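In: Could you look at this predicted model? Sequence included:
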Amino acid sequence: MSAAPSQDNAARTGIIARAVIYSLLILFAVYYLLPLYVMVVNSLKPLDEIRQGQMLDLPSTWTIEPWLSAWSTAQIGVSPTGLKPYFLNSILMVVPAVAVSTLLGALNGYVLTKWRFRGDNMVFGLMLLACFIPFQIVLIPSARILGELGLAGTVTGLVLIHVVYGLGFTTLFFRNYYEAFPTELVRAAQIDGASFFQIFRRILLPSSGPIIVVTVIWQFTNIWNDFLFGASFADFDSIPITVALNNLVNSSTGVKEYNVHFAGAVLAALPTLVVYIVSGRYFVRGLMAGAVKG
Amino acid sequence: MSFLQIQNLEKSFGATRILKGVTLEIEEGGFLVLVGPSGCGKSTLLNTIAGLEPITSGEIRIGGRRVNDLHPSKRDIAMVFQSYALYPNMTVAQNIAFGMEIRGVPKPERDKAIADVASLLQIGHLLDRKPSQLSGGQRQRVAMGRALVRDPQVFLFDEPLSNLDAKLRIDMRTEIKRLHQRMGTTIVYVTHDQIEAMTLATKIAVLKDGILQQFGTPAEIYNNPVNMFVADFMGSPAMNLVPATIGGNGSGLTVNFEREGRPPVSLAVTDPPSGLAGFKGKKVVFGVRPEALTDPDGADRNASSTATADLHIEVVEPAGSDTFAVTNLGGKGVVARLRADANVQPGTVTPLTFNLTKTVFFDPATENRIH
């Protein structure tokens, strides 16, 4: 008889605990989503409505005018081009930079784990160091080298900088992932006659899905969101979208078009959001798969 | 002319010498088993034959051809790995055909080879599966299929059965032996399991700490171990190694065992090894396998030299097919192997017969056999 009331109690505390947990979760979800809500809602309002100060209200007149303006006509610095050309700059920068740094990181990881050589751990340690170097320290040497290579102020120059800076991270990811990859598979492939690159392409890469996703997300977000390198090394025609967004918001002529600024900010954040939504669950899975356990 | 020759093979990692001057050879169609405790260098030796690890000095010849500097794929070998090493992203058929694909064998030929191997190993129904969908025994078969399809001069097996459960291991052991008999290809096989070594091999090489201890047929290794390590390592239950002293009675020699709280036991050694006379009055180690120490009725009737002693039985372990009785000689437990229905009781004194033609003597200082 004594079991029944205690079971009731257990069930009741279970419900209460669950209610508390869920309300906390909802509270935090709202807390985190509020800025996005404000940005999206206000980017769809005419400027007058924002001036009235009702930031949290839904628009009474819906308009996509601010988005069109942010994309193609808004004043960026001195020219009224909108964010479009800079968005393209960022794409032209981020795609090759991510592809090349991921591929090179995979090759590095492959060599550092499966083709060991004297001092390989030393090399890996030095590459790791690259993860801890602050951006600011390398600014002046990088500018110098870009200048000597004739790449100063070009998108290609930015790609090069991001590839070099990202190598430490991509190598770390792949090296730790391949460390757990059975060496006997590589040996079996050697006996089967496969060459260095055949083993890499046919045996290792097909098993690297999770870590490739992790690396691509990591590199994509970092490079897309970078401001400092873009501000330091780009010319007017090669600046990435982060710098352009800053120029949009800080343009001192005329009125502050908050709705356009909000639309521009969401536009600039869109690609990273898409990357997360498409491959986010692999990200967690990849992290679990030993990517950063070392 | 032997088929696989290894001469003075040395292998070092930095300052650590893994293999210390190993010399071996096996005839064509032979089954060479490398056996030893873990860390003895047997897998390293196999890897050097495969070409997966460079050697420090020495020479390896396969079919009369020096292969020291040849790439693994050029040595005409195939290897089965302990973990099977099946490519996880490929189907069974692709796994088997990968080597041929790399060598540029045309597709119809590849398909025919796959079909042949699949029917030989009865894995035809598995060809479209991925390795992750196979059981341990099936993976083992696929790994062998991948080796067989190469039709190499030498097969290398690296502890292929150690990941299987006990029953499957015995089945696969028989299967490997059957395959070897059918194909007649030379095999080099690494294991730490001395029963696998005894059952499969035509020649066994026992290694310890990178040094070849003994190389010979299973019968030689089992009956004539060169030192205490080989004697102890091969055979299950292990050989009894009993401290003893050599005495003399007139012209003959005796071997005497101390016993705790009991009078010593003395056996007359008829037909002793010639070196034993030099140990008169000194300590030796007397080696007798459990099956050479039995109840008088169960003793080998063909043995030319036996001796019977009354021994105190401490423990009796019935094992179904045999009964093991443990007595104490020279301060050590000594296992005797009796018939299953032998009438022995713990705590009693029972006559046991030593088959002296199967006993061996070792020098306790060097641990080497006294010849």
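Out: Cool, the structure landed.
In: Every contact and neighbour count from this point should use C-alpha atoms.
Out: Fine.
In: Tell me how the chain divides into domains.
Out: Went with chain A since none was named. Chain A breaks down by automatic domain parsing into domains covering A:3-68, A:84-293.
In: if you could check chain B rather than the one you did, that'd help
Out: Split into domains by automatic domain parsing, chain B comes to B:2-233, B:240-362.
In: Dump the ones you listed into TSV; add distance to chain A as well.
Out: Output for the domains of chain B, formatted as TSV (distance: least, CA to the nearest CA, whole Å):
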stretch	distance to chain A
domain B:2-233	4
domain B:240-362	39
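In: would you list those in JSON lines and tack on mean neighbour count and mean pLDDT?
Out: Formatted as JSON lines, the domains of chain B follow (neighbours: other CA atoms under 10 Å in any protein chain shown; pLDDT from 0 to 100):
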{"stretch": "domain B:2-233", "mean neighbour count": "19", "mean pLDDT": "91"}
{"stretch": "domain B:240-362", "mean neighbour count": "18", "mean pLDDT": "88"}
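In: can you redo the ones you listed as JSON lines with distance to residue A:36?
Out: Below are the domains of chain B laid out as JSON lines (distance: least, CA to CA, whole Å):
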{"stretch": "domain B:2-233", "distance to residue A:36": "41"}
{"stretch": "domain B:240-362", "distance to residue A:36": "75"}
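In: Would you mind saying which of the ones you listed lies nearest residue A:54?
Out: Closest to residue A:54 of the domains of chain B, according to CA to CA: domain B:2-233, at 56.6 Å.
In: can you give me the end-to-end distance of that closest one?
Out: For domain B:2-233, the first-to-last residue distance is 27 Å (CA to CA, to the nearest Å).
In: tell me which parts of the stretch 101-250 of chain A are close to chain B?
Out: Those residues of the stretch 101-250 of chain A that sit near chain B, judged by CA under 8 Å from any CA of the partner chain, are A:182, A:184-185, A:187-194, A:203, A:206-207.
In: of the residues you listed, closest to residue B:367?
Out: Nearest to residue B:367 among these, counting by CA to CA, is residue A:184 at 37.5 Å.
In: Spit out the contact partners of that closest one.
Out: Contacts of residue A:184 were listed using CA atoms under 8 Å, 6 or more residues apart in numbering or on different chains, and they are B:81, B:83, B:85.
In: Now secondary structure too, for these, in TSV please.
Out: Shown next, in TSV, are the contacts of residue A:184 (DSSP: H, G, I helix; E, B strand; the rest coil):
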residue	secondary structure
B:81	coil
B:83	coil
B:85	coil
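In: between those residues, which is closest to residue A:51?
Out: After measuring the contacts of residue A:184 against residue A:51 - CA to CA - the closest member comes out as residue B:85, at 67.7 Å.
In: was I right about the closest one contacting residue A:181?
Out: No: if you go by CA atoms under 8 Å, residue B:85 and residue A:181 don't touch, sitting 10.7 Å apart.
In: quick check, residue B:336 in a helix?
Out: No: going by three-state DSSP, the assignment for residue B:336 is strand, not a helix.
In: Run the chain-centre distance for the longest helix along chain B.
Out: Of all the elements of type helix in chain B, the one with the most residues (DSSP state H) is helix B:166-183. Centroid displacement of helix B:166-183 relative to its chain, using CA atoms, centre = their mean, to the nearest Å, is 15 Å.
In: which of the residues of the stretch 101-250 of chain A next to chain B are buried?
Out: A:184-185, A:187-194, A:203, A:207 (16 or more other CA atoms under 10 Å in any protein chain shown).
In: Of these, which one scores lowest on pLDDT?
Out: In terms of pLDDT, the lowest of those is residue A:207, showing 86.
In: residues touching that residue, list them.
Out: Here residue A:207 is in contact with B:88-89 (CA under 8 Å, 6+ apart).
In: And for residue B:258?
Out: Residue B:258 is in contact with B:244, B:264-265, B:329-331, counting by CA under 8 Å, 6+ apart.
In: What strands line up against the strand or helix carrying it, and which way round?
Out: Of the helices and strands defined by DSSP states H and E, residue B:258 is found in strand B:252-259. Neighbouring strands of strand B:252-259 in its sheet, by DSSP bridges, are strand B:240-249 (antiparallel), strand B:262-269 (antiparallel).
In: what about the closest residue to residue B:243 other than its chain neighbours, is that helix, strand or coil?
Out: Spatial nearest neighbour of residue B:243, excluding adjacent residues (CA to CA, 6 or more residues apart in numbering or on different chains): residue B:285 at 4.6 Å. Secondary structure assignment for residue B:285 (three-state DSSP): strand.
In: Same question for residue B:33.
Out: Of the three states, residue B:33 takes strand under three-state DSSP.
In: okay but it is in contact with residue B:207, surely?
Out: No: judged on CA under 8 Å, residue B:33 makes no contact with residue B:207 at a distance of 10.5 Å.
In: what is in contact with the two at once?
Out: Listed as contacting both residue B:33 and residue B:207 by CA under 8 Å, 6+ apart is no residue at all.
In: So what touches the longest helix of chain B?
Out: So helix B:166-183 is contacted by B:137, B:161-162, B:187, B:196, B:200 (CA under 8 Å, 6+ apart).
In: Of these, which pair is most distant in space?
Out: It's B:137 and B:187 that sit farthest apart of these, by CA to CA, at 20.3 Å.
In: Spell out the residue ranges of the helices in the chain.
Out: No chain was given, so I picked chain A. Applying DSSP H to chain A gives helices spanning A:3-43, A:47-51, A:65-68, A:84-114, A:120-129, A:135-149, A:155-179, A:183-191, A:196-198, A:209-225, A:228-233, A:241-250, A:258-286.
In: The intended chain is chain B.
Out: So, for chain B - with DSSP H - the helices run B:42-50, B:92-103, B:107-121, B:136-148, B:166-183, B:194-200, B:218-223, B:228-233.
In: Can you tell me how far the residue most central in space within chain A is from chain B?
Out: By CA atoms, centre = their mean, chain A has its centre lying nearest to residue A:221, at 0.9 Å. Applying CA to the nearest CA, to the nearest Å, the value for residue A:221 to chain B is 29 Å.
In: Which residue is the nearest non-sequential neighbour of that residue?
Out: Nearest to residue A:221 is residue A:272, by CA to CA, 6+ apart, at 5.8 Å.
In: Surely the one you found and residue A:222 touch.
Out: No: under the criterion of CA under 8 Å, residue A:272 makes no contact with residue A:222, lying 9.4 Å away.
In: nearest to residue B:229, of the residues of the stretch 101-250 of chain A next to chain B?
Out: Of all those, residue B:229 sits closest to residue A:184, with 30.8 Å by CA to CA.
In: which stretches of the stretch 151-294 of chain A have low pLDDT?
Out: Scanning the stretch 151-294 of chain A for pLDDT under 70 picks out the ranges A:252-253, A:283-294.
In: The residue of the stretch 1-150 of chain A found nearest chain B: how many residues sit nearby?
Out: At 10.2 Å from chain B, residue A:118 is the closest residue in the stretch 1-150 of chain A, using CA to the nearest CA. Counted by other CA atoms under 10 Å in any protein chain shown, the residues lying close to residue A:118 total 7.
In: All set now, cheers.
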